[in-house]
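Q: Sequence and predicted structure below; questions after.
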Amino acid sequence: MRQETSMRLGRGVVVAVGLLGCGGAELDSVDAMGSVGQEIVGGVEARPGSHPWIVSLQNNGSHFCGGSLVRIGAREESNIVLTAAHCVADGPPDTVVAGAHQLTRPVAGQVSVRVKRVVSHPNYNSDTTMNDIAVLQLASPIKFNSSLAGGCGQSPQMRPNLTSELASGLAIGPVCLPAAGEQVADNTMATSAGWGLTREGGYDTSDLLMQVGVPTVNAQQLARMYSSQGIHIDSQAMLGAGYAQGGKDSCQGDSGGPLVIKGARGYTLQGVTSFGVGCARPGLPGVYARVSNYIPWIRQQLSLYGS
Ligand code: 4AZ
């Protein structure tokens, strides 16, 4: 499964996957209101602009993985995107698109930039999918919406004073990073989002940004579930999220994208969508790179390549 995924990504075909249901209260209310219910692996269409940090990685105009914009110091623009190492194992994407919702209908203000450098984690292992995280240095920085200034992880749902820009559904801003070593409690509601497949085995990734709410899974339970598949889970490096009964998950094409949990400051990137066995199967939650495990490395890349 994992090998198959990397190969598909490598060819720039349909890749990452799954997506989101809603997690935090605000994003949840989005679910309740926003959406037209295009079922994806159990998710719903995101409310336009409710995931300001999410980007689409594209080759030849087609989406293959997600990513998240992060803040560099106090700057109101960023040239750094976090994604999965397996998404960029065969080279940089042609473009990174921010501010998008429906990929076939670009809106004014949506930004498409090239990638200058790919830095995969030095200990990324494609056989075990360990340390499946990478930093993209963009060729030019992407400006944040001024109404999202100063903070991180602000979804317009959290901010009543929408500017017309945000009201129109366009939003670009950074996600919060967790503290180094920060632990996520078991069974915490998280939100996964992306343009990935809406069902396992599907062919086309989703045109609309989708999201799904999935609870975090106890590390020992996750390890037990995957050992039955002959897959080793490293609890320091990986985080599981999903329901025992399945039904909601990220999937191919969602890889590299965000798993966020609402915290005191805003939505925090606790996971980078990494792999699974199939999508939304019972007893096999989605597996995410555990971002809190990589903070010193991420900070180092930000200082080396951020501008
Ligand atoms: C993939 O192939 C993939 N259900 C990503 C996430 C999940 C499964 C597959 C999680 O990129």
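A: Looks like it arrived, so ask away.

Q: Tell me which stretches of the stretch 101-250 of the chain form helices.
A: 164-167, 219-227 (DSSP state H, counting those that start in this stretch).

Q: okay, those helices in a markdown table with mean neighbour count, distance to the ligand and mean pLDDT next?
A: Where you see a C-beta, it was placed from the backbone N, CA and C, and this is true even at glycine. Below are the helices of the stretch 101-250 of the chain laid out as a markdown table (neighbours: other C-beta atoms under 10 Å; distance: least, C-beta to the nearest ligand atom, whole Å; pLDDT from 0 to 100):
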| stretch | mean neighbour count | distance to the ligand | mean pLDDT |
| --- | --- | --- | --- |
| helix 164-167 | 16 | 29 | 68 |
| helix 219-227 | 17 | 12 | 98 |
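
Q: Including distance to S140, could those go into CSV?
A: Shown next, in CSV, are these (distance: least, C-beta to C-beta, whole Å):
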stretch, distance to S140
helix 164-167, 20
helix 219-227, 39
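
Q: do you know which of the ones you listed lies nearest Y294?
A: With respect to Y294, and counting by C-beta to C-beta, the nearest of those is helix 219-227 at 16.5 Å.

Q: Which residues does that closest one contact?
A: For helix 219-227, contacts defined as C-beta atoms under 8 Å, 6 or more residues apart in numbering pick out 186, 217, 232-233, 235, 238-240, 277, 283-285, 287.

Q: Quick check: of those residues, which lies closest to the ligand?
A: Of all the contacts of helix 219-227, V287 has the smallest distance to the ligand: 6.5 Å, by C-beta to the nearest ligand atom.

Q: thinking again about what came up before, and the furthest pair within the contacts of helix 219-227?
A: The two members of the contacts of helix 219-227 with the most space between them (C-beta to C-beta) are D186 and V277, at 20.8 Å.

Q: what about the two, which has more around it?
A: For D186 versus V277, neighbours defined as other C-beta atoms under 10 Å are more numerous around V277 (19 against 14).

Q: pretty sure that one contacts L284?
A: Yes - V277 lies in contact with L284 (C-beta atoms under 8 Å); the separation is 4.9 Å.

Q: list residues touching both of those two?
A: Listed as contacting both V277 and L284 by C-beta under 8 Å, 6+ apart are Y226, Q229.

Q: and the residue nearest to L170 when sequence neighbours are not counted, how many neighbours does it have?
A: Nearest residue to L170 in three dimensions, chain neighbours excluded: G109, at 4.4 Å (C-beta to C-beta, 6 or more residues apart in numbering). Using other C-beta under 10 Å, G109 is surrounded by 15 other residues.
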